[in-house]
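Peer 1: Pasting the sequence and the predicted coordinates here, then a few questions.
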Amino acid sequence: MIINKQLLLTYLYLLIYICLSSGVILYNKWVLSPKYFKFPYPITLTMIHMGFSAAVAVILVRVLKVVAPVKMTFQIYMTCVVPISAFFASSLWFGNTAYLYISVAFIQMLKALMPVATFLMAVICGTDKLSWAVFMNMLLVSVGVVISSYGEIHFNIIGTLYQVTGILAEALRLVLTQVLLQKKGLALNPITSLYYIAPCSCFFLFVPWYLLEKPGMDPSQITFNFWIFFSNAVCALALNFSIFLVIGRTGAVTIRVAGVLKDWILIALSTVIFPESAITGLNIIGYAIALCGVVMYNYLKVKDVRASDQLPVENIPERAVKDWKLDKKSSDIYNDDDNKVGNNTGNISGSAHSEVITDEEAPLLPSSKLSYIGRTQLSSHNA
């Protein structure tokens, strides 16, 4: 039997994505846990990730000139990049802090609330409309998460609140990305997203770090290993590009299915690597119910977007390759006229029916040029 090399490469990309996404989550938990690496400073860890991401972006844009920066005005930066970066930093901060209190398995179950939070924020901001079918799906997801929470053995209200707050911040960040950047016609690819947002997010993280975390840090008690933190940041960065490659190879629907598979694998792995994160039958039942709601919601959204015929599915791999080569064309141009959005498929935000596809551990804002056929990766954030 002849093996299709392209198909084999696609599965390899999917495997790399699942491994990186699961690995970064487990890696963060291991680093932050007081039982293992003993570095219980989530804001510091997140700042390391953002600082590393910013440095890589500066090198790629300014030194290697892999891609040209967009024409960013002060007004656009303050009204678009700054608020998005603030909520992005908040989502990472709260999400990583949750690792100190609750298990990886339970965190993944709570992340099923992501579509609920995003939908509610979209309705409030006027980018989506409330419908009976979607409302029932959201209700099903919420009921499933409540059942899963009730069955949690080591339930911790503080950790749960941190995680839920992080989910809300991430949902608002996604909606703001759509509302603000789409309105301005600002086109950002993964590298330019990193270039503008990572430094700003790092600044926003510095404030709570200085006020809340720094006073309690004892240098004599801190275990600092350069290679641990460096490899952790590299893995988070590599995750972003694996997401971009997988979407370009298969489409947003496939990566979302891979994300669901990844969540189940991650829950199982976390119980093996971290024995304290045991799960119960009620946990599984509740999470299964929530996933049913998530799958149905995805089906409805994908069906609507495909019906709108905004982006032919067969063009996705070709467009991805062109984007990854980062041709310095209209995708990197800002059009001053809000009513003339040069290359609309190059915007970081899509139509009113699509959001940025992202992964909960990725420090970048991936390009949504390929996100028209699907919704956001239904997980949270944290890098």
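Peer 2: Everything's here; your move.
Peer 1: Now for the chain, the helix or strand with the poorest mean pLDDT.
Peer 2: Least confident helix or strand of the chain, by mean pLDDT, DSSP states H and E, is helix 316-325 with a mean of 43.
Peer 1: what about the stretch 201-350 of the chain, any weak spots by pLDDT?
Peer 2: 244, 247-248, 250-256, 305-306, 308-350 (pLDDT under 70).
Peer 1: can we see that at 80?
Peer 2: 220-221, 223, 240-260, 276-278, 297-350 (pLDDT under 80).
Peer 1: Lys38: what secondary structure?
Peer 2: Following DSSP: H, G, I helix; E, B strand; the rest coil, the label given to Lys38 is coil.
Peer 1: Next, the closest residue to it other than its chain neighbours: secondary structure please.
Peer 2: Of all residues not flanking Lys38 in the chain, Thr223 sits nearest, at 5.8 Å (CB to CB, 6 or more residues apart in numbering). The C-beta positions use only the backbone N, C-alpha and C, and glycine is treated the same way. The three-state assignment at Thr223 reads coil, by three-state DSSP.
Peer 1: pretty sure Thr223 contacts Phe39?
Peer 2: Yes: under the criterion of CB atoms under 8 Å, Thr223 is in contact with Phe39, at a separation of 6.3 Å.
Peer 1: Settle it for me: which of those two has more neighbours?
Peer 2: Remark: of Thr223 and Phe39, Phe39 carries more neighbours, 20 against 9, as counted by other CB atoms under 10 Å.
Peer 1: Would you quantify the distance from the more buried one to Trp30?
Peer 2: Phe39 sits 9 Å away from Trp30 when distances are taken as CB to CB, to the nearest Å.
Peer 1: which ones are touching Thr44?
Peer 2: Shown in contact with Thr44 (CB atoms under 8 Å, 6 or more residues apart in numbering): Trp209, Glu213, Met217.
Peer 1: Quickly note the distance from the first one to Cys235.
Peer 2: Trp209 is 22 Å from Cys235, where distance means CB to CB.
Peer 1: same thing with the second one?
Peer 2: For Glu213, the distance to Cys235 equals 23 Å [CB to CB].
Peer 1: and what of the last one?
Peer 2: Summarising the geometry, the distance separating Met217 from Cys235, computed by CB to CB, is 24 Å.
Peer 1: Which residue of the two possesses the greater neighbour count?
Peer 2: Cys235 (19 against 12).
Peer 1: Now that one: phi and psi?
Peer 2: Backbone torsions for Cys235, taken as degrees, to the nearest 10, come to phi -60, psi -40.
Peer 1: Counting neighbours, what do you get for the closest residue to it other than its chain neighbours?
Peer 2: Nearest residue to Cys235 in three dimensions, chain neighbours excluded: Val24, at 5.1 Å (CB to CB, 6+ apart). Val24 has 25 neighbouring residues, counting by other CB under 10 Å.
Peer 1: can you pull the pLDDT of Val24?
Peer 2: You'll see Val24 listed with a pLDDT of 91.
Peer 1: Cys200 versus that one, what's the distance?
Peer 2: On the measure of CB to CB, Val24 and Cys200 end up 22 Å apart.
Peer 1: same deal with Gln178?
Peer 2: Look at Gln178 and Cys200: by CB to CB, they are 18 Å apart.
Peer 1: again with Val56
Peer 2: Counting by CB to CB, the gap from Val56 to Cys200 is 15 Å.
Peer 1: now swap in Glu276 and tell me
Peer 2: 36 Å.
Peer 1: the more surrounded of these two?
Peer 2: More crowded of Glu276 and Cys200, by other CB under 10 Å: Cys200, with 20 against 11.
Peer 1: Could you measure from the closest residue to the more buried one other than its chain neighbours over to Asn283?
Peer 2: Closest residue to Cys200 apart from its sequence neighbours, by CB to CB, 6+ apart: Ser85 at 3.6 Å. In this view, Ser85 and Asn283 are 35 Å apart by CB to CB.
Peer 1: Check Leu120 too.
Peer 2: Taking CB to CB as the measure, Leu120 falls 24 Å from Asn283.
Peer 1: And those two? Which one has more around it.
Peer 2: Counted by other CB under 10 Å, Leu120 and Asn283 do not tie: Asn283 has more neighbours, with 22 against 17.
Peer 1: Now do the helices in the stretch 151-300 of the chain.
Peer 2: 157-176, 182-184, 190-208, 226-250, 252-273, 281-308 (DSSP state H, counting those that start in this stretch).
Peer 1: Pipe those into a markdown table and attach distance to Ile102 per row.
Peer 2: What follows is the helices of the stretch 151-300 of the chain, written out as a markdown table (distance: least, CB to CB, whole Å):
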| stretch | distance to Ile102 |
| --- | --- |
| helix 157-176 | 4 |
| helix 182-184 | 35 |
| helix 190-208 | 20 |
| helix 226-250 | 20 |
| helix 252-273 | 11 |
| helix 281-308 | 12 |
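Peer 1: Of those, give the one that comes closest to Lys35.
Peer 2: Counting by CB to CB, Lys35 lies closest to helix 252-273 out of the helices of the stretch 151-300 of the chain; the figure is 11.5 Å.
Peer 1: Which strands or helices does that closest one pack on?
Peer 2: The elements that helix 252-273 packs onto, with contact taken as 3 or more CB pairs under 8 Å, 6 or more residues apart in numbering; DSSP states H and E, are helix 5-32, helix 104-110, helix 226-250, helix 281-308.
Peer 1: Could the C-alpha coordinates of it be exported in PDB?
Peer 2: Presented in PDB, the C-alpha positions along helix 252-273 are these (Å, rounded to 0.1, in the frame of the first residue of the first chain):
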ATOM      1  CA  ALA A 252      -9.900  25.100  11.900                       C
ATOM      2  CA  VAL A 253     -12.500  22.300  12.300                       C
ATOM      3  CA  THR A 254      -9.800  19.700  12.400                       C
ATOM      4  CA  ILE A 255      -7.700  21.500  14.900                       C
ATOM      5  CA  ARG A 256     -10.700  21.900  17.100                       C
ATOM      6  CA  VAL A 257     -11.400  18.100  16.900                       C
ATOM      7  CA  ALA A 258      -7.700  17.600  17.800                       C
ATOM      8  CA  GLY A 259      -8.200  19.900  20.700                       C
ATOM      9  CA  VAL A 260     -11.000  17.800  22.100                       C
ATOM     10  CA  LEU A 261      -8.800  14.700  21.800                       C
ATOM     11  CA  LYS A 262      -6.000  16.600  23.400                       C
ATOM     12  CA  ASP A 263      -8.100  17.500  26.400                       C
ATOM     13  CA  TRP A 264      -9.000  13.900  27.000                       C
ATOM     14  CA  ILE A 265      -5.400  12.800  26.700                       C
ATOM     15  CA  LEU A 266      -4.300  15.600  28.900                       C
ATOM     16  CA  ILE A 267      -6.800  14.700  31.600                       C
ATOM     17  CA  ALA A 268      -5.600  11.100  31.600                       C
ATOM     18  CA  LEU A 269      -1.900  12.100  31.500                       C
ATOM     19  CA  SER A 270      -2.300  14.500  34.400                       C
ATOM     20  CA  THR A 271      -3.700  11.800  36.700                       C
ATOM     21  CA  VAL A 272      -0.600   9.700  36.000                       C
ATOM     22  CA  ILE A 273       2.000  12.500  36.200                       C
END
